[in-house]
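1. Predicted model follows, preceded by the sequence.
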Amino acid sequence: MLEIKDVWKTFNAGTVNEKTALHGLSLTLKEGEFVTVIGGNGAGKSTLLNAVAGTFPVDAGTISIGGDDVTKLPEYKRAKFIGRVFQDPMLGTAPTMQIGENLALALRRGKRRGLGWGLTLEEKEAYYRLLRDLDLGLEDRLTSKVGLLSGGQRQALTLLMASLQKPRLLLLDEHTAALDPKTAAKVLALSDKIISENRLTTMMVTHNMRDAIAHGDRLIMLYEGRIVVDVSGEEKRKLTVPRLLELFSKVSGSDEADDKLLLS
Amino acid sequence: MLNFINALPGAVAQGLIWGIMAIGVYITYKLLDIADLTVDGSFCTGAAVFTVLFTSGTHVLPAMLAAVGAGMLAGLATGLLHTFCGIPAILSGILTQLGLWSVNLAVMSWKSTVPIPITNNEFLDRLLVSLRFIQDVGKGVRPFYMHPILVVGLLTLVLVAVLYWFFGTELGCSLRATGSNPNMARAQGINTDFTKVLGLMLSNGLVALSGSLLAQYNSASEINMGRGAIVIGLAAVIIGEVLLGRVFHNFALRLLAVSIGAIIYYIVIQAVLQTKLNPNYLKLLSALVVAIALAVPYWKGKYARKPVKIGGEKNA
């Protein structure tokens, strides 16, 4: 479903701040695969997700989604294939617009936007049922501005929006990092539910090792813009935090990264 | 006082005309979150294009449509400078505005004023609005429905209805989403460059329409008539919001509040003109009013914390 081939990305090239964030990285995801991505600060996790989403052009390499080469497509055109939830709860929704209007915007992702109604009556009823089933307490607030919602409610809404129009690929960029532990657990559970119900091909960046182990059916660890650990299947199910740390020090050849990973 | 009351219909009519410009400013400033300074130039562009076409024999409505088209082109220029050339929005507007000064003069054949000869009834009768019509309706020479307040008022209602519809469509919603959160808009597949350009064109089209109406009302277009238009527009938006924001929640009513804000602004200006103040101070006064109106919400957030009692009472 997703094929990343030998992708390079260097920020601030030619300056003292030069940073090679993606170092000839290649990765292939099968349809329906749910991969968690971990790594320390600056390992290239978010850069990888943003490169796939098209936030910036990559320096070299190709990215294709479901057979379509998207390497040269701008962000808004790739959106047709991709659902996204950001780390910052403020980024995923339009705060001055109503909940219903936000959902309606998401329903039209990847479609031509003409002079038809931006939000129809039938849609409103469908959204009401959808929100009621999700049990977020939002079904009676369809006309409330999203700016009034809490961070957790916004992330849940963004998740719903990302999956409303079934994407070929779902990108979750540390989407629970800004939430309190209780809300984070709720949003993660909702993510699992939405991913499994729709059998979505998913990449979830997290810096919580336990979450990375507990969710998804494949785990990759990034270090200096490269994939240094890639486990799936039985091996992934048996994974523990100490085992993961051991794997990491073996590949990176240093122990100091232990704390860096755990603490970040 | 009597003078003031006599001048009132004129002030209301002018306020309504500027209100259409202010609605244009509302689209960029409030919906797109762009302070678009193009309007100072495109207002005069609308007036100039209308006047030149009208005095050379074009009918009033085609001439007004051409004015709207010219304003939209000005918006397109600003939009492309901003999106295609990557220039900050505020600077893009300033560049277009500066360039338009020459364009406007060229349109008016390098004359700073082009009058509409209303002493000639052939021209006067074909106008949609005119200051003269207020007097004529008062004297009973013309039917009441030609009164500028009625004509521009109706036009405003029609425009508000059309804009209300447009911003409820898929395209209109994508424009609002762009102003609300461009990151989210792109993630939902919205080409934010396109929506920004579209919004700027729509806004400057309205501004030019307003310019073409003021040229008719004053029976002339003049190279400086748009100077400070952005400030008047912002004043109208803010006055409308402060006075009616709590009552008017519906989008159509919010647009109407902007128009009402412009009317109030002109009534206040008229009142000030009745005093012995040198009218050249008006621009300074407008700038101060808008500066204070923009500063108050900021100060409120920064200094007006709720008093918190620290420690117990002294004599406890």
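-> Nice, I can see it. Residues are numbered from 1 along each chain as shown, chains lettered A, B, ... in the order given.

2. quick one, strands of the stretch 151-300 of chain B?
-> B:220-222 (DSSP state E, counting those that start in this stretch).

3. For it, what lies in contact range of chain A?
-> The stretch 151-300 of chain B comes close to chain A at residues B:166, B:168-174, B:176-177, B:179-181, B:183-192, as judged by Cβ under 8 Å from any Cβ of the partner chain. Yep, even glycine has a C-beta here, placed from its N, CA and C like the rest.

4. From B:Glu241, how far out is the closest residue to chain A within the stretch 201-316 of chain B?
-> Residue of the stretch 201-316 of chain B nearest chain A, by Cβ to the nearest Cβ: B:His249 (10.2 Å). According to Cβ to Cβ, to the nearest Å, B:His249 and B:Glu241 sit 12 Å apart.

5. Would you mind telling me which of the two has the busier surroundings?
-> Higher neighbour count among B:His249 and B:Glu241: B:Glu241, with 19 against 8, using other Cβ atoms under 10 Å in any protein chain shown.

6. my guess is that one meets B:Ile264, correct?
-> No. Using Cβ atoms under 8 Å, B:Glu241 makes no contact with B:Ile264, being 11.9 Å away.

7. Could you list the contact residues of the stretch 51-200 of chain A toward chain B?
-> Of all the residues in the stretch 51-200 of chain A, those lying near chain B are A:53, A:74-77, A:79-80, A:82, A:84, A:86, A:90-97, A:101, A:104-106, A:108-111, A:113-119, A:161, going by Cβ under 8 Å from any Cβ.

8. Return a ChimeraX selection command for the buried portion of those residues.
-> The ChimeraX command for the buried members of these (criterion: 16 or more other Cβ atoms under 10 Å in any protein chain shown) is given here:
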select /A:53,75,76,79,80,82,84,86,90,91,92,93,94,96,97,101,104,105,106,108,109,113,118,119,161
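
9. For residue 22, give me the pLDDT.
-> No chain specified, so I'll use chain A. We note a pLDDT of 90 for A:Leu22 in this prediction.

10. wrong one, chain B
-> For B:Ala22, pLDDT reads 97.

11. got the contact list for it?
-> Contact analysis of B:Ala22 by Cβ atoms under 8 Å, 6 or more residues apart in numbering or on different chains lists B:Ile232, B:Gly233, B:Ala236, B:Val237, B:Gly240, B:Val258, B:Ser259, B:Gly261, B:Ala262.

12. if we go to 7 Å?
-> Counting by Cβ atoms under 7 Å, 6 or more residues apart in numbering or on different chains, B:Ala22 touches B:Gly233, B:Ala236, B:Val237, B:Val258, B:Ser259, B:Gly261, B:Ala262.

13. Looking at the residues you listed, spot the one nearest A:Tyr128.
-> For the contacts of B:Ala22, the minimum distance to A:Tyr128 (Cβ to Cβ) is 32.7 Å, reached by B:Val258.

14. give me the number of residues near that closest one?
-> Neighbourhood size, B:Val258 [other Cβ under 10 Å]: 29.

15. Surely it touches B:Met21?
-> No. With contact defined as Cβ atoms under 7 Å, B:Val258 and B:Met21 do not form a contacting pair (9.7 Å).
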